[in-house]
Every structure is written in structure tokens, then in C-alpha cells.
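Undergrad: have a look at this prediction, sequence included:
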Amino acid sequence: MNIYNIYNKIKIEMSTSIRILLLVMLIIPFLSGCRVDEADYELTNYTGKSISTFEKRTKTELAEDSNGVYTLDSVLQLIAPKGKITSFTILEGSEKYKLFGVGIGMKKSEAEVKLTDVYGSETNKTIESEKNSVTHTYRDKESELYISYDIDTELVKEISYYYLKAEDSATDEDMENAGELIALVGDIRVYYNEAMVYLKSAQENYETDYGKEIWDVDIFGDGNSFGEYIKDEVLKQIIQLKVICDKAIQEGITLSEEEKADAIAYAEEHFKGLSDADIDRYMVTKELLQKVYSDNLLAEKVFETLTIDVDTNVSDITARQITVQHILIYSTEINDEGNRVPLPLEQRNKAFEKVNQLLENARSGEDFYTLAETNSEDDVIEYTFGRGEGPEKFSDSFEQAAFNLKSGDTSGIITTEYGWHIINCVTDFNEDATTRVKEEIIEQRRTELFAEYYTKWSSEYDVVINSEAWDTISLKD
């Protein structure tokens, strides 16, 4: 496969890949991060983050009551042992802050729906007569949440959340086993071993399709090797993934037990396929792979959840696809300079006689596909396309003529820069192809909607890259 074909194939792959890990290609420039959005008041988004991060995003200043305990205007309390936030308490008087979308003054019926989506049913209920309230307890393996409702009004009075499994509690030994720190996405750390899981997967995919020689090629003509381009893209996609997964908490989006089991199964299968040398060299563990697969499944779930209500109305006129067959007889040839020029007059006349005879045969009832297969000078006999998507190598006259035909019709002789065509309309409404195009249009709408979400989110994260470490990594090793 020559370089031109590889370039075009890669362009097509990237233009049609609209799932989560290639959304970075579609994102518009970052928005200003100076404002405070409603999402900034979702407290679960700050689990494991620093007090300074909370103050920066919410434009507030906390008071430290005691070692690791911080308060805000007597309505909010945060506990941050070792500088990382692990618990929150929202008291009456604060209707701004939320935990899993639940806030003070919310109706019990509405709050229970949100918390059931996150935790399932509550594990305990306690009546507190002196406070005239009922406290519901929710638990999972990583956290506990307590929510108190006023007995008379059934409105939320107080909410407390405790994160039991601090994400940033990794030991120095754990960090050493992960390799160098490659990137910081806000407070989220990306180490060498995790980055290499993504990079090696990309390497394997491209080498399978194009061979190991691909990495030195300047495919895009900008003086950079394809290897450097892929490294940059992989790092961008990891950053994107970290932002999306971090935002999943505030949206109340988590993996189900079945999805968690899928991540474990994928990780075990992946780990089995690794050589001992790669496991040692890249410091890969089953736990790391489980985290990678969990992140990807969660990011996909965020995409599906936030774009589920996108407009799915696509008209038949917009998406309509037709299928035609054609016969091409050349009236031109390629000269020594590589340019297309008219055939000599005698050859041209013979070619025109041939196309006229073929048109007569087609209109007399001969099987068109058989005629085309035997006589056409184009490599392709059948095309399926929509408006504005006809075969690029032919002029617009080919597409216009094709769309003027009804199912079963045969055109007259159509002239393009290549020569003379006869077009037969197999169907003027290819239902299957039209349905596929409708699905692609809807998926594109979902992608554009999600890109808007991501653009807003990404402005909230400071990203630092350890370029010195990342630049030393080569895909040719």
C-alpha cells in the first residue's frame, strides 16, 4: 500500500471514528475558565481533590476550624486529611451545593430517585426526634452517604458524604511501580505504565494494518513523523478520558456491577495476551488494566447518558441514498506527462460507436450488470451515494443524471472528463443505506453535543505534561 493510500485510509478512519477516544479531534477551542457554573457546586466532583482546587473552582475561601477540617459560612463542612478532601456535610441554609445532584430543600421523592440511581436502596433509616427528622443511610464499597429529611415537610435538611477509599492514597512504592509521572490533569495523575497501555495498543493496531515502517513516514507532509503524531494524539485522548471520568461523578453516572465485571473480564483477557517481557518492561498489572477498561466503559456511559435525548429526526430527503450501476467507455487517455487528454480521433469515434451500441443493448432488455461487467472500463460497476456524495472522480453531471432516474431506468449517454457513461438505476431509494446514513447523522449530532459538554469541562482542568519523559519514548523500540 503506497503512502497516498495509507494517508487517505487514516483520514477516513479518523473522520468516521466518533466514539469517545477520538472526540478530541472535534472539540472547539477551550472556553474561559473564569466563571462558576452550576456544575462547580456538585461536591462529589471534588472527592480526592485539594482544598485549593475547591476554592479556585467555586470562587470561595474556606476557614480551617481544626487540622484538616474546613467550613464555609456555617453551612458547609469539608474534611481533608493530608490535604485531600474525603468528606462533605451540607447544612440547612445552603441550597447551592449538591451531592449527587441532591441539595438542601429538595423533595424526598426527587432526592430518592437520584440516590437510588447511584447507590440502589438505602441500607438504614433512623428517626431523630429532637431534630424532627429521619436519616437515610446509603453505602457502597467506596462511600457512605447520610441524608436527613424533615418529618413534616419531607424536604432535605442535611447531607453528609464520606469517601472511604481515597484515590490518592497510593504509597511511594506504588508510584515507583508505575514509572515516571507523565501528566497531571487537574489533580489526576497519569503515570508511565498507564500511558504505555494506550500507546502500545495504538502501536499494535497501526502496525497490523500498515507495518512497522509507518512510524518514520511524514504522512501529512508537515515535517513530523507519523509516530510523533500518534504519540501526541494518544496523550490528548488520555487527558480527555480523565476529564470525562472525573466529571462522571458529578453527573451521578457510575458503572453497574455487570459493567464492573465486564471491565475485570476484559482486563484478565488482555493480561493473558501480554508477554512476560512487556509486563515487566511496562509495569503492567491486572489492576492497572482493570482501571483502563473501567475508565473507557465509564466514559462511553457518560457519552451515551448525556446525548441520549439528541434530536433523532432525520428526513428521508436528507438521508436518501440511491444505488446505480454504470458502464464507462473512455474518450480520453493519460499522456506521458500524466495528464488526461482526448483519444486520437479514430479511437474516439470507435469508442463512441461502442457506447452507442451498449446503450441500445441495455435498452433492449439485456442484463445491465452483465453488460457492465463485460464492457465497462471503470473498475467499479455499482455505486451507492446520496446528494453531494457521488463518485468524486466523476463530474457533477454523473450524480445529477443518476438522481434523475427512477428505479429500473437507464440513462442516455452521460459525458464526464473520463469519457461516456451509461447509468442504470438499481433503486432510487436504498432503504438499508438510507437507514445507515440516518444513524450516522444522529451519531454526529450526539458527538457535537458531547463536544460542547467536553469543551466546558476541559476549561476547568490545568494540564501539565512531562514532555522530557514522554519525548524519550519511541514507537520503534
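TA: Sure thing, it's come through. Numbering: from 1, shown residues only.
Undergrad: only C-alpha atoms for contact and neighbour calcs from this point on.
TA: Will do.
Undergrad: and for the residue nearest to residue 98 when sequence neighbours are not counted, the neighbour number?
TA: Leaving aside its sequence neighbours, residue 98 sits nearest to residue 42 (CA to CA, 6 or more residues apart in numbering; 4.8 Å). Neighbours of residue 42 under the rule other CA atoms under 10 Å: 23.
Undergrad: enumerate every residue touching residue 42.
TA: The neighbours of residue 42, taking CA atoms under 8 Å, 6 or more residues apart in numbering as the test, are 97, 98, 99, 100, 101, 250.
Undergrad: got the phi/psi numbers for it?
TA: Dihedral pair for residue 42: phi -80, psi 110, per degrees, to the nearest 10.
Undergrad: and it, what's its pLDDT?
TA: At residue 42, the pLDDT value in this model is 89.
Undergrad: can you check residue 320 too?
TA: 96.
Undergrad: do residue 252 as well
TA: Taking residue 252 on its own, its pLDDT is 87.
Undergrad: check residue 96 too.
TA: 89.
Undergrad: quick one: the nearest residue to it once chain neighbours are set aside from residue 407, how far?
TA: Of all residues beyond its chain neighbours, the one nearest residue 96 is residue 41 (6.7 Å), with distances taken as CA to CA, 6+ apart. For residue 41, the distance to residue 407 equals 59 Å [CA to CA, to the nearest Å].
Undergrad: then residue 468?
TA: The gap separating residue 468 from residue 407 is 62 Å, by CA to CA.
Undergrad: equivalent analysis for residue 50, please.
TA: Counting by CA to CA, the gap from residue 50 to residue 407 is 66 Å.
Undergrad: tell me which of the two has more neighbours.
TA: residue 50 (19 against 14).
Undergrad: that one and residue 82 touch, don't they?
TA: No. Using CA atoms under 8 Å, residue 50 is not in contact with residue 82, being 9.2 Å away.
Undergrad: in the stretch 101-250 of the chain, which spans are strands?
TA: Ranges of strands in the stretch 101-250 of the chain, per DSSP state E, counting those that start in this stretch, are 102-103, 124-128, 133-139, 143-150, 156-163, 181-185, 188-191.
Undergrad: out of these, which gets nearest to residue 393?
TA: Taking CA to CA, strand 181-185 is the member of these nearest to residue 393, at 45.3 Å.
Undergrad: what pairs with the closest one, parallel or antiparallel?
TA: strand 188-191 (antiparallel), strand 463-465 (antiparallel) (DSSP bridges).
Undergrad: what about the last one, average pLDDT?
TA: Along strand 463-465, the predicted confidence averages to a pLDDT of 90.
Undergrad: what residues sit buried inside the helix or strand that it is followed by?
TA: Using DSSP states H and E, the helix or strand that follows strand 463-465 towards the C-terminus is helix 467-471. By neighbour count on 16 or more other CA atoms under 10 Å, the buried set for helix 467-471 is residue 470.
Undergrad: which residues does helix 467-471 contact?
TA: For helix 467-471, the surrounding residues in contact (CA under 8 Å, 6+ apart) are 180, 182.
Undergrad: check stretch 86-94 too.
TA: 43, 47-48, 74-80, 97-98, 104, 157-164, 166.
Undergrad: among these, the buried ones, what's the PyMOL command?
TA: Buried subset of the contacts of stretch 86-94, written as a PyMOL selection, criterion 16+ other CA under 10 Å:
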select buried, resi 43+47+48+76+77+78+79+80+97+98+104+157+158+159+160+161+162+163+166
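Undergrad: quick one on the thing from earlier: right, so the strands paired with strand 181-185: which one is the most enclosed?
TA: strand 188-191 (a mean of 18; mean count of other CA atoms under 10 Å).
Undergrad: pLDDT (mean, whole number) over that strand?
TA: 92.
Undergrad: residue 254 and residue 298, how far apart?
TA: In terms of CA to CA, residue 254 sits 7 Å off from residue 298.
Undergrad: no, scratch that, I was asking about residue 124
TA: Taking CA to CA, one finds residue 124 at 28 Å from residue 298.
Undergrad: do the same with residue 456
TA: 19 Å.
Undergrad: try residue 289
TA: Residue 289 is 14 Å from residue 298, by CA to CA.
Undergrad: can you redo the strands paired with strand 181-185 as a markdown table with distance to residue 362?
TA: Below are the strands paired with strand 181-185 laid out as a markdown table (distance: least, CA to CA, whole Å):
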| stretch | distance to residue 362 |
| --- | --- |
| strand 188-191 | 65 |
| strand 463-465 | 65 |
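Undergrad: alright, I will stop here.
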